[in-house]
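In: Pasting a predicted model and its sequence here:
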Amino acid sequence: MGDVVLPGGMHPNDVDRKRIERALEARARYRYVSPEVRGVEGGYRIESPCCSRNIDPAGGVIDIARLEYASGLQRWRLYRKDHARSEWRLFGEFGALAALLQMLNQDPDRIFWP
């Protein structure tokens, strides 16, 4: 399925997608791969080749994170992929996209970049 783009500055939009792409360049893990940021309903999905081969032994593309803007709450939600169950799990809520991206980039417990 292709990227979803909604009118009127809602999410996803090209401005925030580019912000996310630029921010991912500063991540602490797997800096030698090129993650993709895709627009999905209400937000963005980040996927990347699986360099560690912990999730995909063949090194295929895996889901890293899902970012969703909850407009009613004016909060960003960050989801991690539970690969064993093939489902998204809420990791946390953030008041600003920058704070969410900082957490995602640092990933001290290797929750997002396995």
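Out: All right, it came through fine.

In: okay, CA-based contacts and neighbour counts for the rest of this
Out: Will do.

In: Measure how buried the nearest residue to Val61 once chain neighbours are set aside is and give me the count.
Out: Once flanking residues are discounted, Val61 sits nearest to Pro49: 4.0 Å by Cα to Cα, 6 or more residues apart in numbering. A count of nearby residues for Pro49, using other Cα atoms under 10 Å, gives 19.

In: and if you look at Tyr30?
Out: 15.

In: where does it sit relative to Leu67, distance-wise?
Out: Computed with Cα to Cα, to the nearest Å, the distance linking Tyr30 and Leu67 is 19 Å.

In: ditto for Phe94
Out: The gap separating Phe94 from Leu67 is 10 Å, by Cα to Cα.

In: what's the overlap in contacts for the two?
Out: Taking Cα atoms under 8 Å, 6 or more residues apart in numbering as the contact criterion, the common neighbours of Phe94 and Leu67 are 76-78.

In: can you redo those as a markdown table with distance to Asp56?
Out: Shown next, in a markdown table, are the shared contacts of Phe94 and Leu67 (distance: Cα to Cα, whole Å):
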| residue | distance to Asp56 |
| --- | --- |
| Trp76 | 28 |
| Arg77 | 26 |
| Leu78 | 22 |
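
In: Give me the average confidence score over the helix or strand Ile20 falls within.
Out: In the assignment (DSSP states H and E), Ile20 maps to helix 14-24. Here helix 14-24 scores 95 as its mean pLDDT.

In: buried residues in it?
Out: Neighbour-count burial for helix 14-24, counted by 16 or more other Cα atoms under 10 Å, picks out 16-17, 20-21, 24.

In: Residues touching that helix, excluding its own?
Out: Contacts for helix 14-24 (Cα under 8 Å, 6+ apart): 5, 35-39, 44, 101, 105.

In: do that again at 10 Å, thanks
Out: Here helix 14-24 makes contact (Cα atoms under 10 Å, 6 or more residues apart in numbering) with 5-6, 9-11, 31, 34-39, 43-46, 67, 97-98, 100-102, 104-105.

In: Out of the residues you listed, which end up buried?
Out: Looks like these have 5, 11, 35-39, 43-46, 67, 97, 100-101, 104-105 buried, using 16+ other Cα under 10 Å.
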